[in-house]
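Asks: The following comprises the amino acid sequence and a computationally predicted model.
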Amino acid sequence: MMTETANFVRPLMILTGISFFLTAAEAREYWVSPRGNDRATGRKVTPWQTLQHAADQVVAGDTVNVPAGNYQGFNVTRGGTASARITFRARPGAVINQAWSSSGNHYGINASGQSYLTIGGFTFIPQASQAAWGAAIRLGGTPGNWIYGNVIQNNTVQMGQSSTPDGCGIYASWSNGVLIENNTVSGTGDSGIYVANSSLNYTISGNTVYNCGGNGIHNNGDVSQGNPGINYNALIENNIIYNVGFSSAGQAISCDGVQDSRIQNNLIYAAHGKGISLYKVNSAEGSRRDIVVNNTVLTAADGGAALRMVDDSSGNTVLNNILYSANPSSASIDLLSGDLTGLRSDYNVVKNRFYSDGSKLPFGEWQGLGKDIHSFIATPFQLFFNPEANDYRLSSKSPAIDAGTTASAPRKDLKGNTRPRGHGIDIGAYESNENGQ
């Protein structure tokens, strides 16, 4: 819960006078080890002992290598630059199982106020005896002061071990250009991944988020933290999200004031709240002009709509999606009539239930509004290779094969396969070959 003015250009660092670019010889590599000593040199043969000491010593361009072992979390006290990042690179088996704490807040890694960091390869496992963690990794600016260019990748977050529910897995606010990719997050009481407070130009890609009581991936402009109160220019793609929303009816992908963004190639199943939701509660405006394309979304028998658009979330594009809810009372698309303005929705696979202003519409009446003219109804067993085993690749006889449109379609699918592989674009997150699969 944290904010920047709309700026759609990724920032370039302009340096005047003396050059601050580090050469390869000047960039230094350091090591820590549970058997190290903070009075040592930090070199490979004489490593430091604590991550906090390492964080206090490094400067722009430096890398901290973290071998296997158990560690206490740390607070990042300085950032890098666009040309000389600070990197914390963990090896397999490097586990943060004790929080860094301040003023009653507990985090695995706190990097508030710092830019151009790479944090990768850590495993986070809070212990049962500890107070709840607010987040495994926390990045944050302050109102009107964005942080830039951080990369959070290849981390494993296993929350839910504490006596009370842990908060978020990965949290970023007031962030410009953050990349959150290839992380695995589970067990949170709140959202698995949370990007807040007027963040922009960011990417959430290739993550697996599951067993989270709240939202899977939550995006929240939150104007209460300062203007503009909108998240802009996000790319949310290639994520797998399942078994989320069971304690708070959260959304698998929640967009509270997210504009001019793309949501594509995501696989969502066993969502106990809504699938993808575009709305306004805390943000300054609704989620507008977003492109929702080639997603496979299946909400559970106790779940809500596969796609929800409310609160003046107009001008959106919805193409090539599989939108299904196992709840007989829930719809493929649920919106308010005002959100029909500028909506392009077509070439989707749906069920025979839609809602507008709370009124149920069968598919034919929905098409009568000029929406989903090329879309069609199908069940998971008609579509997928083995839905009972959560295998949502398209079967060889799936009606979704070659049934999509090239408009706005990503060039690759969830698995990195090129589109199209057959005679046309397939509907959903997976592109099959000529024989399915």
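Replies: Done, it's in.

Asks: where are the low-confidence patches of the stretch 101-250 of the chain?
Replies: Residues of the stretch 101-250 of the chain meeting the criterion pLDDT under 70: 161-165.

Asks: My guess is residue 205 contacts residue 217. True?
Replies: No: if you go by C-beta atoms under 8 Å, residue 205 and residue 217 don't touch, sitting 10.6 Å apart. Quick note: C-beta positions are derived from backbone N, CA and C, even for glycine.

Asks: who's more crowded, these two?
Replies: Between residue 205 and residue 217, residue 217 has the larger neighbour count (other C-beta atoms under 10 Å), namely 31 against 19.

Asks: so how far is residue 45 from that one?
Replies: 42 Å (C-beta to C-beta, to the nearest Å).

Asks: anything in contact with each of residue 205 and residue 217?
Replies: Counting by C-beta atoms under 8 Å, 6 or more residues apart in numbering, the contacts common to residue 205 and residue 217 are 236, 239.

Asks: List the buried residues of stretch 378-394.
Replies: Buried residues in stretch 378-394, counted by 16 or more other C-beta atoms under 10 Å: 378, 380, 383-385, 387, 392-394.

Asks: Ignore what I typed, I meant stretch 90-104.
Replies: Using 16+ other C-beta under 10 Å as the test for burial, stretch 90-104 gives 90, 94-101.

Asks: In strands, which of those appear?
Replies: 90, 94-98, 100-101 (DSSP state E).

Asks: Output these as a markdown table; include the columns distance to residue 299.
Replies: What follows is those, written out as a markdown table (distance: C-beta to C-beta, whole Å):
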| residue | distance to residue 299 |
| --- | --- |
| 90 | 35 |
| 94 | 36 |
| 95 | 34 |
| 96 | 34 |
| 97 | 34 |
| 98 | 37 |
| 100 | 37 |
| 101 | 37 |
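
Asks: Just give me the closest of the residues you listed to residue 293.
Replies: Nearest to residue 293, judged by C-beta to C-beta, of these is residue 90 at 34.5 Å.

Asks: Just list whatever residues bridge to the residue most central in space within the chain.
Replies: Centroid check for the chain by C-alpha atoms, centre = their mean gives residue 204 as the closest residue, at 4.1 Å. Under the criterion DSSP bridges, residue 204 forms beta bridges with residue 180, residue 236.

Asks: OK, contacts around it?
Replies: Residue 204 touches 180-181, 193, 195, 217, 234-237, 239, counting by C-beta under 8 Å, 6+ apart.

Asks: For residue 302, give its distance to residue 188.
Replies: Distance from residue 302 to residue 188, counting by C-beta to C-beta: 19 Å.

Asks: quick one: contacts for residue 74?
Replies: 50-52, 54-55, 100, 109-110.

Asks: Next, work out how far apart it and residue 124 are.
Replies: 12 Å.

Asks: re the thing from before, could you check which of residue 302 and residue 188 is surrounded by more residues?
Replies: Per other C-beta under 10 Å, whichever of residue 302 and residue 188 has more neighbours is residue 188, with 31 against 15.

Asks: Helix, strand, or coil at the more buried one?
Replies: coil (DSSP: H, G, I helix; E, B strand; the rest coil).

Asks: surely it meets residue 170?
Replies: No: counting by C-beta under 8 Å, residue 188 stays clear of residue 170, with 9.5 Å between them.

Asks: Common neighbours of those two, please.
Replies: In contact with both residue 188 and residue 170: residue 157, using C-beta under 8 Å, 6+ apart.

Asks: who touches the spatially closest residue to residue 320 that is not a sequence neighbour in this structure?
Replies: Spatially, and ignoring its direct neighbours in sequence, residue 320 is nearest to residue 404 (4.0 Å; C-beta to C-beta, 6 or more residues apart in numbering). Contacts for residue 404 (C-beta under 8 Å, 6+ apart) come out as 294, 319-320, 347, 424-427.

Asks: just residue 418 next, same as before
Replies: Counting by C-beta under 8 Å, 6+ apart, residue 418 makes contact with 411-412, 431.

Asks: What of residue 218?
Replies: Under the criterion of C-beta under 8 Å, 6+ apart, the neighbours of residue 218 are 190-191, 193-196, 250-251, 254, 256.

Asks: Distance from the chain centre to stretch 66-79, please.
Replies: 23 Å (C-alpha atoms, centre = their mean, to the nearest Å).

Asks: For that stretch, buried residues please.
Replies: For stretch 66-79, burial by neighbour count (16+ other C-beta under 10 Å) applies to 66-67, 69, 71, 73-76, 78-79.

Asks: quick one: what helix or strand has residue 364 in it?
Replies: Residue 364 is part of helix 363-368 when elements are defined by DSSP states H and E.

Asks: now for whatever helix or strand comes next after that helix, which elements pack on it?
Replies: Remark: after helix 363-368, the chain's next helix or strand is strand 376-377, criterion DSSP H and E. Judged by 3 or more C-beta pairs under 8 Å, 6 or more residues apart in numbering; DSSP states H and E, the packing partners of strand 376-377 are strand 349-350.

Asks: Right, I'll call it a day here.
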